[in-house]
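Chemist: Based on what follows, work out the 3D shape:
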Amino acid sequence: MLRYLPFLLILALWIYAFVDCLNTPEDEVRGLPKLGWVIVILLFGEVLIGPVAWLIAGRPRAAAGAGGGRGGSGGRRWVAPDDNPEFLKSLKPDQDGGRGDTPPAG
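Modeler: Down below sits the predicted model:
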């Protein structure tokens with residue numbers, strides 16, 4: 001069973017690099033065009049050159065202070081609706097209409 005472990009690790013890295021390359025936006029890919037990286041990963045995946053090259057040279061770097069995520073959203077982080085002031089402001093007009101202060105039309 002242990003003899004399959006190196007093969008499974010190489011396969012996992014190969015699949016991770018391939019999916020990561022496909023999910024990366026074209027404008028964030030470094031070094032080669034996206035199609036070039038896909039070909040490099042697929043052709044040189046068995047010897048680990050392709051996936052390792054993608055992770056070192058082709059993958060976009062995380063923005064400083066992004067908390068480990070990618071900085072592709074222009075520095076804005078996702079905020080839950082109950083913590084988002086813009087969302088809470090949009091609810092203010094709706095709060096008065098649902099209490100029954102005005103009689104129903106009809």
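Chemist: Residues contacting the longest helix along the chain, please?
Modeler: Ordering each helix of the chain by length in residues (DSSP state H) puts helix 5-23 first. For helix 5-23, contacts defined as Cβ atoms under 8 Å, 6 or more residues apart in numbering pick out 29, 34, 37-38, 41-42, 45-46, 48, 50-52, 54-55, 58-59. Where C-beta positions appear, they are placed from N, C-alpha and C, glycine not excepted.
Chemist: biggest separation within the residues you listed, which pair?
Modeler: Farthest-apart pair in these is Val29 and Glu46; separation 22.4 Å (Cβ to Cβ).
Chemist: So those two - more neighbours on which side?
Modeler: Neighbours were counted for Val29 and for Glu46 using other Cβ atoms under 10 Å; Val29 has more, 19 against 13.
Chemist: on that earlier part again, off-centre distance for the longest helix of the chain?
Modeler: Distance, stretch centre to chain centre, for helix 5-23: 17 Å (Cα atoms, centre = their mean, to the nearest Å).
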